[in-house]
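**Q** No sequence on hand, only this structure:
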């Protein structure tokens, strides 16, 4: 079919070129249409889908992904068999013969990419981890964790194969995702002002401060808003027509407020990586520089506005437990930061206007990018120094307002410090050599901690930990060194492929993927949002493979 078809000239002696073209066109249209429906459903409809409010959101979304995906796998298997039958009956099997002929003499490299290898490695390692697990049933279903066991990964593998082989990337699909994702964000913004739409009827009052939008827990919501913020920022910077610029900027504003009003500290990472990576990955013209500083100013102003709202006396989710971001926005230093960002925006606009006819634009942009890289290195170095000074106790009065954010301990990150300490305690002192290599079983962090540290967790006031709240650390513990290596390879190869693309839509998907992958350092993988992330990543990877400019 689409990626398996061969050119008519591959076997000129067959005389069946017209028949071959008709077969490929017929099946190509069917498969590309089916995959467009699939991708659009999971990018647009899935994030807004609910069954019984928040009460069954995890299990409902889990079923809403794995069952249709399995059905799609079966449908495409049947279509594949029909395709081969049509080739045998009407084309003398020439498509099949040409395909296998093309695999010879390293021709298989044209069909298998480094991302294919990485994704397959993930499935092999995760399957071995499940088969050899102490609790294979739980590792398969993930029913003692967040439903992200082997079954979920097998469905992701089906989705990967179908999207990268039969989906045709369209820029408007990214725009459609932005529109529906903004609806999720607006819902969350309403929740920030404690407008709940009856979602908490029958639930404890406390949940209206930790559950938002159609997503659920603020951690899940923040990994979703990180994706849309990255996509919106890239699409705005790369927008060309006035209509595109207006549309993408509107979504960017909504995403900025959503990032802030979700109140999860993890958005500092997703926002930070978008702001840090955009110049390096997207700057090609002076207009990109101007739009970039517009992105920065927009976020800072959104943060300042939110800070003023919380001080106005209006009841918000921020009341019981103030956000680190919103607290920082109320300082004098933050006002200086806004002034600097505005100044840079004005300077870049004036410079772009004067240099718009410049012949050495690319050289100037490259110099700016190099300067930006130096600045990033300096900022990272300063952050490392600050963390070291805060944690060794140097002038503690300086760091005390932000001690829960800067100083590491068991309480850091709402118990993440304890979660990670217990995980390493298990890995060092209790895991077998085999478990170190392939893990204890996908999504079995709950079993590890409950079997070994239940009393300790309860004494600390946390009850239980069913996730490490760090995707990479969780894969390290539950699928071992090989599992983590395979998963990181999947991310790296996918992002690298998208970086090479010139298509704006692919770049948008890329920055959304990078934003999610960064905040995952302190967040969880959960079927409420991961289908959106992976479908976007797979679609972007396919778009990069097509080498189109939208």
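**A** Everything's here; your move. This structure is a prediction, so every number in the text was calculated from the model and none was measured.

**Q** Could you give the number of residues near the closest residue to residue 500 other than its chain neighbours?
**A** Spatial nearest neighbour of residue 500, excluding adjacent residues (Cβ to Cβ, 6 or more residues apart in numbering): residue 544 at 6.3 Å. Just so you know, the C-beta spots here come from the backbone N, C-alpha and C atoms, and that holds for glycine as well. Per other Cβ atoms under 10 Å, the neighbour tally for residue 544 reads 26.

**Q** where's residue 544, which helix or strand?
**A** Here residue 544 sits within helix 530-546, counting by DSSP states H and E.

**Q** Buried residues of that helix, list them for me.
**A** 530-545 (16 or more other Cβ atoms under 10 Å).

**Q** isn't residue 232 right next to residue 258, touching?
**A** No. Using Cβ atoms under 8 Å, residue 232 makes no contact with residue 258, being 10.0 Å away.

**Q** shared neighbours of these two, anything?
**A** Here residue 232 and residue 258 share no contacting residue, scored by Cβ atoms under 8 Å, 6 or more residues apart in numbering.

**Q** now for the helix or strand harbouring residue 404, which elements pack on it?
**A** Per DSSP H and E: residue 404 is located in helix 403-406. Secondary-structure packing of helix 403-406 (3 or more Cβ pairs under 8 Å, 6 or more residues apart in numbering; DSSP states H and E): helix 361-392.

**Q** Repeat the analysis, applying 10 Å as the threshold.
**A** helix 324-328, helix 361-392, helix 396-399, helix 412-429 (3 or more Cβ pairs under 10 Å, 6 or more residues apart in numbering; DSSP states H and E).

**Q** which outside residues touch it?
**A** Helix 403-406 has contacts (Cβ atoms under 10 Å, 6 or more residues apart in numbering) with 265, 268, 324-325, 327-328, 383, 386-387, 389-391, 396, 398-400, 409, 411-414.

**Q** And residue 199, its phi and psi?
**A** phi -70, psi -20 (degrees, to the nearest 10).

**Q** contacting residues for it?
**A** 50, 53-55, 187, 191, 207-208, 211-214.

**Q** out of these, which are inside strands?
**A** 211-212 (DSSP state E).

**Q** export the contacts of residue 199 to a markdown table and tack on distance to residue 41 and neighbour count?
**A** Shown next, in a markdown table, are those (distance: Cβ to Cβ, whole Å; neighbours: other Cβ atoms under 10 Å):
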| residue | distance to residue 41 | neighbour count |
| --- | --- | --- |
| 50 | 15 | 15 |
| 53 | 21 | 17 |
| 54 | 22 | 17 |
| 55 | 23 | 13 |
| 187 | 19 | 19 |
| 191 | 25 | 24 |
| 207 | 28 | 14 |
| 208 | 29 | 16 |
| 211 | 24 | 22 |
| 212 | 23 | 32 |
| 213 | 19 | 26 |
| 214 | 15 | 21 |
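
**Q** Buried residues, the helix holding residue 404. List them.
**A** In helix 403-406, counting by 16+ other Cβ under 10 Å, buried: 405-406.

**Q** Equivalent analysis for stretch 360-379, please.
**A** Those would be 361, 365, 368-369, 372, for stretch 360-379 by 16+ other Cβ under 10 Å.

**Q** excluding its backbone neighbours, what's nearest residue 481?
**A** residue 437 (5.8 Å).

**Q** Contacts for the strand or helix carrying that neighbour next, please.
**A** In this structure, residue 437 sits in helix 433-438 according to DSSP H and E. Among residues not part of helix 433-438, those counted as contacts by Cβ under 10 Å, 6+ apart are 124-134, 426-428, 431, 440-441, 448, 476-483.

**Q** hmm, back to that, where among the helices and strands packed on helix 403-406 is average confidence lowest?
**A** When mean pLDDT is averaged over each of the helices and strands packed on helix 403-406, helix 396-399 scores lowest at a mean of 82.

**Q** thinking again about what came up before, now restrict the contacts of helix 403-406 to buried residues only.
**A** 265, 268, 325, 327-328, 390, 399, 411-414.

**Q** for the chain, which spans come out with low pLDDT?
**A** 1-16, 355-359, 548-550 (pLDDT under 70).

**Q** Mark out where each domain of it begins and ends.
**A** 1-112, 114-166+410-550, 171-357 (automatic domain parsing).

**Q** could those domains go into JSON lines alongside distance to residue 404?
**A** Below are the domains of the chain laid out as JSON lines (distance: least, Cβ to Cβ, whole Å):
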{"stretch": "domain 1-112", "distance to residue 404": "26"}
{"stretch": "domain 114-166+410-550", "distance to residue 404": "7"}
{"stretch": "domain 171-357", "distance to residue 404": "8"}
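
**Q** Can you show me the strands along this structure?
**A** Going by DSSP E, the chain shows strands at 211-212, 216-217.

**Q** Residue 141 is nearest to which of these?
**A** strand 216-217 (19.6 Å; Cβ to Cβ).

**Q** contacting residues around the closest one?
**A** 50, 53-54, 57-58, 61, 207, 210-211, 224, 264, 524, 526, 528-529.

**Q** quick one, what contacts residue 133?
**A** Residue 133 makes contacts with 139-140, 149-150, 435, 438-442, 444, 447, 478, as judged by Cβ under 10 Å, 6+ apart.

**Q** Return the member of the contacts of strand 216-217 nearest to residue 505.
**A** Taking the contacts of strand 216-217 together and measuring to residue 505 by Cβ to Cβ, the closest member is residue 224, at 19.1 Å.

**Q** How much space separates that closest one from residue 425?
**A** 32 Å (Cβ to Cβ, to the nearest Å).

**Q** More neighbours: those two, which one.
**A** residue 224 (27 against 15).

**Q** Excluding chain neighbours, what is closest to the more buried one?
**A** Among residues not flanking residue 224 along the chain, residue 529 sits closest, at 4.8 Å (Cβ to Cβ, 6+ apart).
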